[in-house]
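**Student:** Turn this into a structure:
(4 chains)
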2 protein chains.
Amino acid sequence: MLNQGGSLDRVFQALADPTRREMVERLVRGPASVGELARPLAMSLPAVMQHLQVLEACGLVRTEKVGRVRTCHIEPGALRAAESWLSGQRTTWEHRLDRLGDLLDE
Amino acid sequence: MLNQGGSLDRVFQALADPTRREMVERLVRGPASVGELARPLAMSLPAVMQHLQVLEACGLVRTEKVGRVRTCHIEPGALRAAESWLSGQRTTWEHRLDRLGDLLDE
DNA sequence: CTGATAGTTAAGTGGATGCTTGACTGTTCG
DNA sequence: CGAACAGTCAAGCATCCACTTAACTATCAG
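**Tutor:** Down below sits the predicted model:
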């Protein structure tokens, strides 16, 4: 569980944008080409590319080009890292509540 | 489970900053004053205040001023919202893998 | 009252972000 | 070959972000 912080920075930063979250939501259902990713989005193709680069740079997405089409897959590891930081915080918080309850029981 | 998308934006945006994550990590262990939050951080007090305002604006932290000291508590709901979006994505991803496995079994 | 403490406000700065348009590259199809 | 297709590069622009310093307010202790 090596928690290298800089990577969490980028993952959360990536997820902070609704367009990129929508792309992730699309990709967890299966791979897609850049064009397919772009179709439901109200913006130019280069803009989509830039979002894609952010997702790739933080490890949330992996892409591969064959012929003239680039196919994008989700990379669940990065998602898991973020989820696990959050659940760690929740756990600490809950432990604190437990200790507080124990104190009150005395 | 009201899906207020704009709020997720702000929560992830807030968590994208290492200073703010550090503040959250401190606060899940218990309440703290602004000064206590600031002590371990290598930056000016106004900078810490600004981070605090971001955390408060997205609902991650609640603060209350008594006398001249402002005390900050974590607000676990916002953390849970982010965690639950992430776990939803993971779940969808896993379901897809299941269906894929079923296909291969045929 | 006076001084120290705890926090706040305001203004400014440099750098990152999210988007655009226009020109361009490589690939496939007829 | 030549046209359409899928994607990419580059530049430019408006806005946002993370900080700073300086000046200020409010509270508490002696």
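**Student:** Those residues of chain A touching DNA strand D, which are they?
**Tutor:** A:S33, A:V34, A:G35, A:A38, A:L45, A:P46, A:M49, A:L52, A:K65, A:R68, A:V69, A:R70 (Cβ under 7 Å from any atom of the strand). For every residue, glycine as well, the C-beta is placed using N, CA and C.
**Student:** got the contact list for the most centrally placed residue in chain A?
**Tutor:** The centroid of chain A falls nearest to A:L79 when counting by Cα atoms, centre = their mean (4.6 Å). Residues in contact with A:L79 (Cβ atoms under 8 Å, 6 or more residues apart in numbering or on different chains) are A:V11, A:V24, A:L60, B:L86, B:Q89, B:R90, B:W93.
**Student:** And A:V48, by the same measure?
**Tutor:** A:T19, A:M23, A:V34, A:L37, A:A38, A:L41.
**Student:** Could you say which helix or strand holds it?
**Tutor:** helix A:45-57 (DSSP states H and E).
**Student:** pull the CA atoms of that helix into PDB?
**Tutor:** Provided in PDB are the C-alpha atoms of helix A:45-57 (Å, rounded to 0.1, in the frame of the first residue of the first chain):
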ATOM      1  CA  LEU A  45     -12.000  17.200 -30.300                       C
ATOM      2  CA  PRO A  46      -8.800  18.700 -29.200                       C
ATOM      3  CA  ALA A  47     -10.400  19.600 -25.900                       C
ATOM      4  CA  VAL A  48     -11.400  16.000 -25.400                       C
ATOM      5  CA  MET A  49      -7.800  15.000 -26.200                       C
ATOM      6  CA  GLN A  50      -6.500  17.200 -23.500                       C
ATOM      7  CA  HIS A  51      -8.800  15.700 -20.900                       C
ATOM      8  CA  LEU A  52      -7.800  12.300 -22.100                       C
ATOM      9  CA  GLN A  53      -4.100  13.200 -21.600                       C
ATOM     10  CA  VAL A  54      -4.900  14.300 -18.100                       C
ATOM     11  CA  LEU A  55      -6.600  11.000 -17.400                       C
ATOM     12  CA  GLU A  56      -3.700   9.100 -18.900                       C
ATOM     13  CA  ALA A  57      -1.000  11.100 -17.100                       C
END
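**Student:** what are the phi and psi angles of the residue in chain A that DNA strand C sits nearest to?
**Tutor:** Nearest residue of chain A to DNA strand C: A:G67, at 2.2 Å (Cβ to the nearest atom of the strand). Taking degrees, to the nearest 10, you get phi 60, psi -130 for the backbone angles of A:G67.
**Student:** now do A:R29
**Tutor:** Residue torsions, per degrees, to the nearest 10, at A:R29 are phi -90, psi -10.
**Student:** How about the contacts made by it?
**Tutor:** Per Cβ under 8 Å, 6+ apart, neighbours of A:R29: B:T92, B:R96.
**Student:** I'd like to know how far A:L8 sits from A:G88.
**Tutor:** Here the criterion is Cβ to Cβ, to the nearest Å. By it, A:L8 lies 11 Å from A:G88.
**Student:** neighbour count winner among these two?
**Tutor:** It is A:L8, of A:L8 and A:G88, that has more neighbours when counted by other Cβ atoms under 10 Å in any protein chain shown, with 20 against 14.
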